[in-house]
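J.: Okay, sequence plus prediction incoming.
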Amino acid sequence: MVKAKFNGKVIAESDKCEEVEGNYYFPPDSIRKENFKESDYHTTCPWKGEASYYNVEVDGKVNENAAWYYPNPKSAANNIKNYVAFWNGVEIEE
């Protein structure tokens, strides 16, 4: 079971994560949606496509753009469509 934690709380956990480029991507139904707020931030990966971001919030502490996902990935990344990955202070436990 892989877990994502921020500010001492589990915000996602799953045994069905996809690992891509050293990042765990969590299935959309494995995140605690109350801790995620849509961000206006986007980035583009040459082979995955455009990423959308979430701000992660736990007990009033906000981590801006700490989670990302690909709502409309390129065909090479269809296995992670809408799966959520983390960085920037979110701890991953295997």
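T.: In hand now; what should we look at?
J.: CA atoms for contacts and neighbours, from now on please.
T.: Noted.
J.: all strands for this protein, in order.
T.: Applying DSSP state E to the chain gives strands spanning 2-6, 9-14, 18-20, 23-25, 36-45, 49-58, 61-69, 84-86, 91-93.
J.: looking at the ones you listed, which is closest to residue 77?
T.: strand 49-58 (8.2 Å; CA to CA).
J.: Name the strands paired with the closest one and say parallel or antiparallel.
T.: Its sheet considered, strand 49-58 pairs with strand 36-45 (antiparallel), strand 61-69 (antiparallel) by DSSP bridges.
J.: For residue 76, which of the strands of the chain is the nearest?
T.: strand 49-58 (9.4 Å).
J.: Other residues contacting that closest one?
T.: 6-7, 9, 35-45, 62-74 (CA atoms under 8 Å, 6 or more residues apart in numbering).
J.: What is the neighbour count of residue 83?
T.: Neighbours of residue 83 under the rule other CA atoms under 10 Å: 21.
J.: how about the spatially closest residue to it that is not a sequence neighbour, phi and psi?
T.: Sequence neighbours aside, residue 27 is the residue nearest to residue 83 in space, at 4.7 Å (criterion: CA to CA, 6 or more residues apart in numbering). Backbone torsions for residue 27, taken as degrees, to the nearest 10, come to phi -60, psi 150.
J.: Please report the distance of residue 27 from residue 60.
T.: From residue 27 across to residue 60, the span is 25 Å (CA to CA, to the nearest Å).
J.: Looking at these two, which has the bigger crowd around it?
T.: Just comparing residue 27 and residue 60: by other CA under 10 Å the higher neighbour count belongs to residue 27, 20 against 9.
J.: Might you report the residue contacts of that one?
T.: Counting by CA under 8 Å, 6+ apart, residue 27 touches 14, 16-17, 80, 82-84.
J.: Apply 10 Å and report the result again.
T.: Residues in contact with residue 27 (CA atoms under 10 Å, 6 or more residues apart in numbering) are 12-18, 80-85.
J.: again, but for residue 24
T.: Counted by CA under 10 Å, 6+ apart, residue 24 has contacts 2-4, 16-18, 80, 83-86, 92, 94.
J.: closest to residue 31 among those residues?
T.: residue 84 (7.9 Å).
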